[in-house]
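1. no sequence for this one, just the structure:
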């Protein structure tokens, strides 16, 4: 555990730069000690505070149905069974001034062609969005999914239709982040994400630098490569989408077909320095979620890199 003076220094660096650093899911040692899904997140938030991290992607298992832990709770079950637990997380996050968000790890928009299963996924997205609203969450992130034999344009059009069907029935205004993906068989290139956001309501790009790097077989090797991503978003969607975005920093292995697995921050040729330099150069407030094999230590490294590049 870091000292209090280090925590204060980490917070100061993030405040000065406007770049907040957070974690996806949190600390393994907390999960091992606190089996309760809500208690685990509360303890994780306390640990994030001790490290000086400013954001947390809440684990998906918080929304597990009590009678079936492998499935997401229903909308009615959300308010009957886990609403109080979410409020407890919300209060803790506010106390420590930590931004929350959700992410669907095991879901995608193109999950199924069957009408019954499609409606189940729509319901799950609604649950995530309503849960994010209860938490005062920044956004709910989801991947478009695998094309499944469809032409790219057809798959993008299907994602757009599904999202608009979902958002038309939402009673909350939680933004849905459309995440870039690392496999070439998936809909999730930067252009795909921009096209989806352009034609849907209540959505925004969720840039994952690691997946874009893997998708391009190691394409993000310089600060200029990072700059081009932001330029593309600004020119095709507008500068409002670069006002305090949430983005992911992951380290993935890759091959000719894109993402193949994970690697470490030290072995990856996607360098956080290039991301930090471009964000500092633009003076762009944002949140970076670190989701690497050594995320706690890597997140501290990211804060240090930000500090070094502001000098």
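-> Nice, thanks for sending it over. Remember, predicted model here, so these are calculated numbers, not experimental data. Numbers count the residues shown, from 1 in each chain.

2. need the strands for the stretch 101-250 of the chain, in chain order.
-> 140-143, 145-146, 176-179, 186-187, 203-208, 246-249 (DSSP state E, counting those that start in this stretch).

3. and those strands, which one is worst for confidence?
-> Note on these: strand 145-146 shows the lowest mean pLDDT, a mean of 91.

4. Show me what it is in contact with.
-> For strand 145-146, the external contacting residues (C-beta atoms under 8 Å, 6 or more residues apart in numbering) are 108-111, 159, 183, 185-187. (Each C-beta comes from the backbone N, C-alpha and C, glycine too.)

5. Let's see the PyMOL selection covering just the buried ones among these.
-> To isolate the buried members of those in PyMOL, using 16 or more other C-beta atoms under 10 Å:
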select buried, resi 108+109+110+111+159+183+186+187
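
6. just the contacts of strand 145-146 now: which is nearest residue 237?
-> residue 159 (16.1 Å; C-beta to C-beta).

7. Checking residue 56 next. Helix, strand or coil?
-> Secondary structure, DSSP: H, G, I helix; E, B strand; the rest coil: residue 56 is strand.

8. count of residues packed around it?
-> 25 (other C-beta atoms under 10 Å).

9. between the strands of the stretch 101-250 of the chain, which gets nearest to residue 305?
-> strand 246-249 (10.7 Å).

10. after the closest one comes which helix or strand?
-> strand 252-255 (DSSP states H and E).

11. next structured bit after that following strand?
-> Taking DSSP H and E, what comes next after strand 252-255 is strand 258-262.

12. could the strands of the stretch 101-250 of the chain be laid out in CSV, adding distance to residue 166?
-> Compiled in CSV, those are given as follows (distance: least, C-beta to C-beta, whole Å):
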stretch, distance to residue 166
strand 140-143, 10
strand 145-146, 14
strand 176-179, 8
strand 186-187, 16
strand 203-208, 10
strand 246-249, 20
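
13. circling back: what is the lowest-pLDDT residue among the contacts of strand 145-146?
-> Minimum confidence in the contacts of strand 145-146 sits at residue 111, scoring 72.

14. That one contacts residue 119, correct?
-> No: with contact defined as C-beta atoms under 8 Å, residue 111 does not count as touching residue 119 (11.3 Å).

15. all helices for the chain, in order.
-> Counting by DSSP state H, the chain has these helices, from start to end: 4-17, 28-33, 37-51, 75-77, 83-96, 115-134, 152-168, 190-198, 209-215, 223-236, 272-282, 295-310.
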